[in-house]
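Novice: test case, fold it:
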Amino acid sequence: MNLACPHGRALEEAPTYDVDFYDDAFIRAPWPHYAAMRALGPVVWLPRHRNFAVTQYREVREILQDWRTYSSAQGVAADDAGCDFLRGNTLASDPPIHDEMRIAMSKPLLPGALARVRERVDEAAVALVNDLVARRNFDGIADFARFLPLTIVTQLVGLPEDGRGNMLKWAAASFDILGVQNARGREAINAVKEMRHWIATRATPEHLKADSWTARIHELVEAGQIPAEMAPLLVRDYINPSLDTTISATGQLIYQLGKNPDQWQLLRERPELIPNAVNEAVRLGSPIRSFSRTVVHATALSGVPLAAGSRVMVLFGSANRDERKFPNPDKFDVTRSGFDHVGFGHGIHMCVGMHLAQLEMQALLKALIYHVDRIVVGEPTIAINNTIHAFSTLRVSMWPIASPQAPVQPHASQAAVSAPTAWIGVSVDQVTRPTPDIVVIDVIAEHGQQLPSFTAGAHIDVEAVPGIIRQYSLCGDPVNRDRYRIAVRRDASSRGGSNAIHSHAQVGARLRIRPPRNSFPLNEEARCFLLFAAGIGITPILCMAYRLDALGRDFLLHYAVRRRYDAAFISELLRSPFADKVRLHVSDEGSRLDIQRVLSAPKSEQHVYICGPHRFIEPLVNHASQLGWLEEHVHVERFSREVVAAGEPFTIIAERSGKRVEVASDKTILAALKDAGIDVQSSCQSGVCGTCLTDVLQGIPEHRDLVQTPEEKASNLKVAVCCSRARSRILVLDI
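Specialist: Predicted coordinates:
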C-alpha cells in the first residue's frame, strides 16, 4: 500500500478486487465479477482504476439518495479526463443547477405529456410485430429493439435528418467517454466533438422540427426561463440517453421472453403483469453499468472511511442482482412486483426518460401478447461499450397465434401506470378505531409473503364483500412491505362501501385487494413541498410525509379538521419524526386554516399536494392560481362525491360487444352497461379515480368526472362511464 495515498485507512478497510472493469472480457461476462465483488463486501477497491466500487443494493441506494455527500458535479465518468470532458450537463450536475436543467427538459417526458403519443406508439408496435411475425426470423436488436426509438423517439426529439442519423453514434461515443479513456474512450472524443459542433450549427430553431422537444428548449430560452448557454447542453441530454438505454432494455426483454417460455406463457395468461416484465428486463439487463460520484466531505460507507475527493463507482448491474435484496436474483420472474430496482437509477438523477422507455416496452409487449404464440432466441452478441450493457445482435424466431386476439384496452386513468391487476388475498391483522366513524385497518398477505411495493399517494382496490369494490389510499410508510394500512370513514350516504368495510373490520377477516396504483404520485425530484389535508384526506398525505422525511426534503403539512376528537392520526403526527413540520388547524378551537396566510407566492421548484373534500380543495386551488402557481405544480386528489346521474336519455353502442344499450334519464352509463351484461372495470363510481375511463370511438361525451384535465376532456377521447353522460344522441364506445 502507498502510505502517501489519500485513501489511507480506506484501503486497509476495503477489500481489493484486481480487475479492469472496462476490459472486453469483463464487459462480455460481468455477472460472475459482480457476484465476486458483492461477496467481498459493499465497498471494494479497484486498484487499476484507483476508484472504489459500490457493489451492494443498500449502499448503492444510499449514495444515489445523498447528493450532498456524493456529488455528480465533478463528473460521473470513471477517470478525470472523462469527467472534465463531459462536465456540465444534467447528469453531471448537482442542485440547484441540476434542478433548473431537469425541470426544463422533463416536461414532455412526464406521463401526462406522453399520453398524447401513447396511441401512436401502440399502433407502431402492432405494425412492427405483425411484420416480424410474417418474417418469422429476424434480429432482435436491429429489427425489434431499435425500431421505436429510431422512428418515433427521434421524431419527438426533432433533429433535422442529418442529426437523426447520427444519434446512435453520438450517444455510444458519449457513453464510451463516461467510462475511462482507454482506446474506446479516446476514439470517441472526435465523435462527441462532431456532435457538439453539429448542435452549435444545426440544432438551431430554424432547423428543428416545430413543437419538438429540442425546439421547446429554444422557446424556453426566448421566454427567459433558462439561459442561452444551457440550450446546447439540454439538446445533448435529449440525444444521448433517449436511445441506447431503451434499446438495451428492450433487447433484454425479448431475450428473456425467449429464454423463459414459462414466463412468456404466464404473461400471455396474465397481461396485467406487463409492467412487472418490463421492470424485470430493466433490472436484469441494467443498461447502465456504472456512473461515478465524488465524495464531497470525509465520510464512511458501511464502515469504510472515504476521504474527500475519493471517486466511487456505483455498480447498478451488481446492485440489481444483489441476493440480499432480490430472491433468486438471476431469475426472470414476471410475478416479481415492485419498482425496487436501480436500473433507472434512483434519487435526483433517476432516469428522466424512464416513463417513455416503459411506454415503448409495454406497447411492444401488448402487441406480442396478442399476436405471438412462441418466441425462440439464440445466444446474443454483446455490444462493447464502456458504460452501456447491451446486445449488438440477437437471433429471434416468432410463431403467430392461430387466430390473433384483439387487445383489450385497460380502462384506467391516464395517470395510472397499468391496468388493474389480479386480486391478492389478504387478512386483517390489526384494527383500531380512533373515532366512532373511522376505522384504521392493517392487512397482511396470506402465507406471510411480502406485498407489492408502493409509492406515496398510491391506493388499492378493496373488495370487502363480493360486488362491493372501493378505493382507499395507503397511509403507511412506503418502506414497509409486510403490511398495508388504510383508514375508512363511515359515510352516512354510502352506497355500501364504507359500511361494508366497517362491518368486516375484524382481526382475521379475509379481504381481496388489487396491487397498488398511483394516480396521485409524489414528484420526488422537487425540492420543497406544501401538503394540505382535510379530514380523512390525511391518508395519502401522511404517506407522502413519511416519504419526504426519509428523503430529507423540505416540507410543511397542514391538517384541517372540524374537531380534534373526530380526526384520525393526530397523535401519530405529533409523535412522528416530522412533528415539527405539522400544522394542525382545528375549527372548533378557533384555529381554522387561513389560506391567505399559509399559501403564498410560489418558490422555485415548490409543489403543493391537496387531498380532501371539494369545498376544501377548490379555495386552495383557486388561491394558488391567483398567486401564479403553475398548474403542474398543484396536485389534487378529491374524495368521491354524489354522482348526479340525471340527464337526457341517449344510446350507447358497445362496438366490440356488438350491443346497443339505452341509457335512461336516471341511470349511469355504467349501470346501463351492467344491466346489458357488459362488464367495465370500475371502482369509485363517482368520477374521482379514473378506473372506468373508456375509449370513445364516436359521439360527444358530457364529462362529469374529476379525473381528466380540461385538455383531455376537450379531446373527447375517453369518458368516465360511472358518472358522465352524452351530449350527442349516440355514443360509440370501444367495449
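Novice: any idea how this structure splits into domains?
Specialist: Using automatic domain parsing, the domain parsing of the chain gives 8-104+284-349, 112-263+353-400, 424-513, 528-638, 650-733.
Novice: mean neighbour count and mean pLDDT added to these, as a markdown table?
Specialist: The C-beta positions use only the backbone N, C-alpha and C, and glycine is treated the same way. What follows is these, written out as a markdown table (neighbours: other C-beta atoms under 10 Å; pLDDT from 0 to 100):
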| stretch | mean neighbour count | mean pLDDT |
| --- | --- | --- |
| domain 8-104+284-349 | 19 | 93 |
| domain 112-263+353-400 | 19 | 92 |
| domain 424-513 | 18 | 84 |
| domain 528-638 | 18 | 91 |
| domain 650-733 | 19 | 85 |
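Novice: V278 is nearest to which of those?
Specialist: Among the domains of the chain, domain 112-263+353-400 comes nearest to V278, with 4.6 Å by C-beta to C-beta.
Novice: neighbouring contacts of stretch 96-107?
Specialist: 67, 72-73, 89-90, 93, 113, 213, 216-217, 220, 225-226, 230, 233-234, 237-238, 348-349, 352, 525, 527, 604-605, 632 (C-beta atoms under 8 Å, 6 or more residues apart in numbering).
Novice: nearest to I274, out of the domains of the chain?
Specialist: domain 112-263+353-400 (4.8 Å).
Novice: centre of the chain to that closest one, how far?
Specialist: Centroid separation for domain 112-263+353-400 versus its chain: 18 Å, with C-alpha atoms, centre = their mean, to the nearest Å.
Novice: gap between the two ends of it?
Specialist: Terminal residues of domain 112-263+353-400 lie 34 Å apart, using C-alpha to C-alpha, to the nearest Å.
Novice: swap in stretch 63-70?
Specialist: Start and end residues of stretch 63-70 are separated by 6 Å (C-alpha to C-alpha).
Novice: show me the contacts for the closest residue to R184 other than its chain neighbours.
Specialist: Leaving aside its chain neighbours, R184 sits nearest to D176 (4.6 Å; criterion: C-beta to C-beta, 6 or more residues apart in numbering). Residues near D176 by C-beta under 8 Å, 6+ apart: 184-185, 187-188, 385-387.
Novice: in helices, which of these appear?
Specialist: Judged by DSSP state H, helices contain the following of the contacts of D176: 184-185, 187-188.
Novice: skipping adjacent residues, who's closest to F291 in space?
Specialist: Excluding the flanking residues, the one nearest F291 by C-beta to C-beta, 6+ apart is V76, at 4.1 Å.
Novice: quick one: the one you found is in a helix?
Specialist: No - read with DSSP: H, G, I helix; E, B strand; the rest coil, V76 is coil and lies in no helix.
Novice: hmm, it is touching I288, no?
Specialist: No - counting by C-beta atoms under 8 Å, V76 does not reach I288; the two are 9.9 Å apart.
Novice: which residue is nearest the centroid of this protein?
Specialist: Here the mean C-alpha position of the chain is nearest to the C-alpha of H355 (C-alpha atoms, centre = their mean), at a distance of 6.0 Å.
Novice: could you pull out the strands for the stretch 51-200 of the chain?
Specialist: Using DSSP state E, counting those that start in this stretch, the strands of the stretch 51-200 of the chain run over residues 51-54, 70-71, 137-139.
Novice: export those to a markdown table and tack on distance to V598?
Specialist: Below are the strands of the stretch 51-200 of the chain laid out as a markdown table (distance: least, C-beta to C-beta, whole Å):
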| stretch | distance to V598 |
| --- | --- |
| strand 51-54 | 42 |
| strand 70-71 | 35 |
| strand 137-139 | 59 |
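Novice: my read: T151 touches A124, true?
Specialist: Yes - contact status for T151 versus A124: in contact at 6.5 Å, counting by C-beta under 8 Å.
Novice: for the residue nearest to R184, give its distance to D237.
Specialist: Noted for D176: a distance of 17 Å to D237, by C-beta to C-beta, to the nearest Å.
Novice: based on its surroundings, how many neighbours for E280?
Specialist: When neighbours are counted by other C-beta atoms under 10 Å, E280 registers 25.
Novice: so it is in which element?
Specialist: Using DSSP states H and E, E280 maps to helix 274-285.
Novice: which residue is the nearest non-sequential neighbour of Q252?
Specialist: In space, Q252 is closest to G285, 3.2 Å off (C-beta to C-beta, 6+ apart).
Novice: show me what contacts that neighbour?
Specialist: 248-249, 251-253, 343, 389-390.
Novice: the strand ranked longest in the chain pairs with which strands, parallel or anti?
Specialist: Of all segments of type strand in the chain, defined using DSSP state E, the longest is strand 424-435. According to DSSP bridges, strand 424-435 forms sheet pairs with strand 438-445 (antiparallel), strand 510-513 (antiparallel).
Novice: tell me which of these sits nearest to A533.
Specialist: Across these (criterion: C-beta to C-beta), the nearest stretch is strand 438-445, sitting at 13.7 Å.
Novice: can you put the strands paired with strand 424-435 in JSON lines and add distance to R38?
Specialist: Compiled in JSON lines, these are given as follows (distance: least, C-beta to C-beta, whole Å):
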{"stretch": "strand 438-445", "distance to R38": "28"}
{"stretch": "strand 510-513", "distance to R38": "35"}
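Novice: hang on, the earlier thing: identify the farthest-apart pair in the contacts of D176.
Specialist: The span of the contacts of D176, defined through C-beta to C-beta, is set by E187 and T387 at 14.5 Å.
Novice: for the residue nearest to the centre of the chain, give me its contacts.
Specialist: H355 sits next to 109-111, 114 when contact means C-beta under 8 Å, 6+ apart.
Novice: the helix or strand harbouring R374 pairs with which strands, parallel or anti?
Specialist: Per DSSP H and E: R374 is located in strand 372-377. Strand 372-377 pairs in its sheet with strand 395-400 (antiparallel), by DSSP bridges.
Novice: so what's Q698 up against?
Specialist: 653, 730-732.
Novice: mind checking which of those are in strands?
Specialist: Those of the contacts of Q698 lying in strands (DSSP E): 653, 730-732.
Novice: let me have those residues in JSON lines, adding distance to E618 as columns.
Specialist: Converted to JSON lines, these look like this (distance: C-beta to C-beta, whole Å):
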{"residue": "I653", "distance to E618": "36"}
{"residue": "I730", "distance to E618": "34"}
{"residue": "L731", "distance to E618": "29"}
{"residue": "V732", "distance to E618": "34"}
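Novice: what is the nearest of those residues to G476?
Specialist: Using C-beta to C-beta, those come closest to G476 at L731, 40.6 Å.
Novice: that closest one contacts A654, doesn't it?
Specialist: No - with contact defined as C-beta under 8 Å, L731 does not reach A654; the gap is 10.0 Å.
Novice: how close does the nearest residue to V431 once chain neighbours are set aside get to P47?
Specialist: Nearest residue to V431, sequence neighbours excluded (C-beta to C-beta, 6+ apart): A505, at 5.0 Å. Note on A505: its distance to P47, by C-beta to C-beta, is 60 Å.
Novice: check V221 too.
Specialist: To P47, V221 is 46 Å away according to C-beta to C-beta.
Novice: cool, and E589?
Specialist: Taken as C-beta to C-beta, the span from E589 to P47 is 66 Å.
Novice: from F147, how far off is A191?
Specialist: Distance from A191 to F147, counting by C-beta to C-beta: 23 Å.
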